[in-house]
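starting from these lines, generate the structure:
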Amino acid sequence: MLIESNISDFFAGDNISFIISNDEIKSTDNVNLKVVFLNAVNPKIEITAINNNDGTWGIEKQAADTAFYGIGKYTIYYVFYNSQQGFAKQQAGERIEIKPNILNTDNYDFRTDNQKLLDVVRERIAGRLTEGMNSFSINGKSVTLMTMTELMDLEKSLVSKVEQEITEKEKADKGRTNRNKLEIRLKGLV
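Numbers count the residues shown, from 1 in each chain. Predicted structure coming up:
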């Protein structure tokens, strides 16, 4: 199955417009298409393509939508389906990069939630936060008044999570993730 598309690298915050076609499956066959962008670190991006009824599908997103896409390298998966006929077929496609919008980088914090929380915990341990601050929250993760021992245990846990996120991001940037592993077992060979 040969998929042709003009999907390419773009900046978060760009207007995007892409066309997709398939040599076996046609949009005129009442088949829908979801385009899924997968990255080891960021949440998946799932876009339902528009059926152009001419054998192709289209994706159009406005800058306001793409501005919230996580930056990084993604593998694109194409999922063709027809719910009425119970038909579904998936195929991996090309890799693209969603780049940071250079016009908005002054206000963009590139740290993960765990990195932000780790920084706050370290500030509290170092005593640089005001004594009156008994709790804080970052994207739904909150910490309330804790002893120094509890803060140090939380710091160790967050350091481990941040190191894992960095390792996953480095693997994703090189195109190596756990999703790419294939296990083969041969029976009967001595």
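
got any ranges where the protein has weak pLDDT?
Within the chain, the stretches with pLDDT under 70 are 1-2, 102-110, 128-144, 175-190.

just give the closest residue to the residue nearest to the spatial centre of the chain, not the sequence neighbours.
What sits nearest the mean C-alpha location of the chain, by Cα atoms, centre = their mean, is Asn42, with 2.9 Å. Nearest non-adjacent residue to Asn42, counting by Cβ to Cβ, 6 or more residues apart in numbering: Gly70, 2.9 Å away. Any C-beta I mention is one placed from the backbone N, CA and C, and that applies to glycine too.

tell me the contacts of that neighbour?
Residues near Gly70 by Cβ atoms under 8 Å, 6 or more residues apart in numbering: 12, 39, 41-43, 45, 98.

surely Ile7 and Glu94 touch.
Yes: in this structure, Ile7 is within contact of Glu94 by Cβ atoms under 8 Å, at 6.8 Å.

who's more crowded, these two?
Ranked by neighbour count (other Cβ atoms under 10 Å), Ile7 and Glu94 place Ile7 first, with 20 against 11.

for the more buried one, give its distance to Asn39.
To Asn39, Ile7 is 15 Å away according to Cβ to Cβ, to the nearest Å.

I'd say Phe80 and Asn30 touch.
No: the pair Phe80 and Asn30 does not pass the contact test of Cβ under 8 Å, sitting 11.0 Å apart.

which positions within stretch 65-78 qualify as buried?
Within stretch 65-78, the residues scored as buried using 16 or more other Cβ atoms under 10 Å are 66, 69-78.
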